[in-house]
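Asks: everything below, folded, please.
(chains A and B)
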Amino acid sequence: KAGVTQTPRYLIKTRGQQVTLSCSPISGHRSVSWYQQTPGQGLQFLFEYFSETQRNKGNFPGRFSGRQFSNSRSEMNVSTLELGDSALYLCASSARGVQFFGPGTRLTVL
Amino acid sequence: EDQVTQSPEALRLQEGESSSLNCSYTVSGLRGLFWYRQDPGKGPEFLFTLYSAGEEKEKERLKATLTKKESFLHITAPKPEDSATYLCAVPAGPETSGSRLTFGEGTQLTVNP
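Replies: Model prediction:
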């Protein structure tokens, strides 16, 4: 089976802009989770979607949002970007309790 | 609040020098403990899941063990290609909360030839 794919792999934006990241889960996986990874905070949970519904949400501001489509593909959006949003954004799909991660999208905010 | 603490933060080994990484956790009702390996600039790669105290799992030079308060990742005769950051994580929240992992800060392992 193909693994989790994320696009784009790298992104450079300026403060105030918005960005949309995409994630395609492993075929058959219905749960998709998003994480932010930074050197100072480590891996932090953003949210989880299951069957197009947000099932879980982390402690991030409302500028961070997401959605899931009927084919389980997911997108996350960050509006009004801040310098502190620079991070590696990871998507994971899960089955039987195990999460499998994609390669991530490296977002740099200038 | 669920907490996961890993030690040491960084570890340098010579090739063939065995050692262990530690992951201490505080959770209300453990629903599994996960070990991942992460190479620079890449996503975490799943290694093991442990569910109950006393459980052990092995993969090549790695062996993970679990007690009621901590987990160890034993690395036997490591090779330079074992160099990576090793992360442990536990599912957060009640059983009905779905997939939400709380991660430790990781141990950065360097194996010198």
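Asks: residue in chain B nearest to chain A?
Replies: The nearest approach of chain B to chain A comes at residue B:43, 3.6 Å away (Cβ to the nearest Cβ). Any C-beta I mention is one placed from the backbone N, CA and C, and that applies to glycine too.
Asks: A helix includes that residue, no?
Replies: No - assignment of residue B:43 by DSSP: H, G, I helix; E, B strand; the rest coil gives coil, placing it outside any helix.
Asks: and it, how many neighbours does it have?
Replies: 22 (other Cβ atoms under 10 Å in any protein chain shown).
Asks: likewise residue A:80?
Replies: 11.
Asks: ok, which stretches of chain B are strands?
Replies: Counting by DSSP state E, chain B has strands at residues B:3-7, B:10-14, B:19-26, B:33-38, B:45-50, B:56-59, B:62-66, B:70-75, B:84-91, B:101-103, B:107-112.
Asks: one step back: not counting its neighbours along the chain, what's nearest the residue of chain B closest to chain A?
Replies: Excluding the flanking residues, the one nearest residue B:43 by Cβ to Cβ, 6 or more residues apart in numbering or on different chains is residue A:101, at 3.6 Å.
Asks: find me the pLDDT at the one you found, would you?
Replies: Confidence at residue A:101, expressed as pLDDT, is 97.
Asks: my read: it touches residue A:91, true?
Replies: Yes - if you go by Cβ atoms under 8 Å, residue A:101 and residue A:91 touch, sitting 7.2 Å apart.
Asks: quick check, central residue of chain A?
Replies: By Cα atoms, centre = their mean, chain A has its centre lying nearest to residue A:34, at 3.6 Å.
Asks: which parts of the lowest-mean-pLDDT helix or strand in chain A count as buried, going by neighbours?
Replies: Lowest on mean pLDDT, DSSP states H and E among the helices and strands of chain A sits strand A:53-57, with a mean of 91. Within strand A:53-57, the residues that count as buried by 16 or more other Cβ atoms under 10 Å in any protein chain shown are A:55-56.
Asks: what of stretch A:7-14?
Replies: Buried residues in stretch A:7-14, counted by 16+ other Cβ under 10 Å: residue A:13.
Asks: from the chain's centre, how far out does it sit?
Replies: On the basis of Cα atoms, centre = their mean, to the nearest Å, stretch A:7-14 sits 13 Å off its chain's mean C-alpha point.
Asks: can you check stretch A:73-90 too?
Replies: That offset, for stretch A:73-90, works out to 7 Å (Cα atoms, centre = their mean).
Asks: hmm, it touching chain B?
Replies: Yes - for stretch A:73-90, a contact with chain B is found by Cβ under 8 Å from any Cβ of the partner chain, at A:88, A:90.
Asks: Three-state assignment for residue A:99, please.
Replies: Under three-state DSSP, residue A:99 comes out as strand.
Asks: what's it in contact with, if anything?
Replies: Residue A:99 is in contact with A:33, A:92-93, B:34, B:46, B:99, B:101, counting by Cβ atoms under 8 Å, 6 or more residues apart in numbering or on different chains.
Asks: ok, and the most crowded of these?
Replies: When these are compared by neighbour count (other Cβ under 10 Å), residue A:33 ends up highest, at 28 neighbours.
Asks: quick one: the strands in chain A?
Replies: Going by DSSP E, chain A shows strands at A:5-7, A:10-13, A:19-24, A:31-38, A:42-50, A:53-57, A:64-68, A:74-78, A:87-95, A:98-101, A:105-109.
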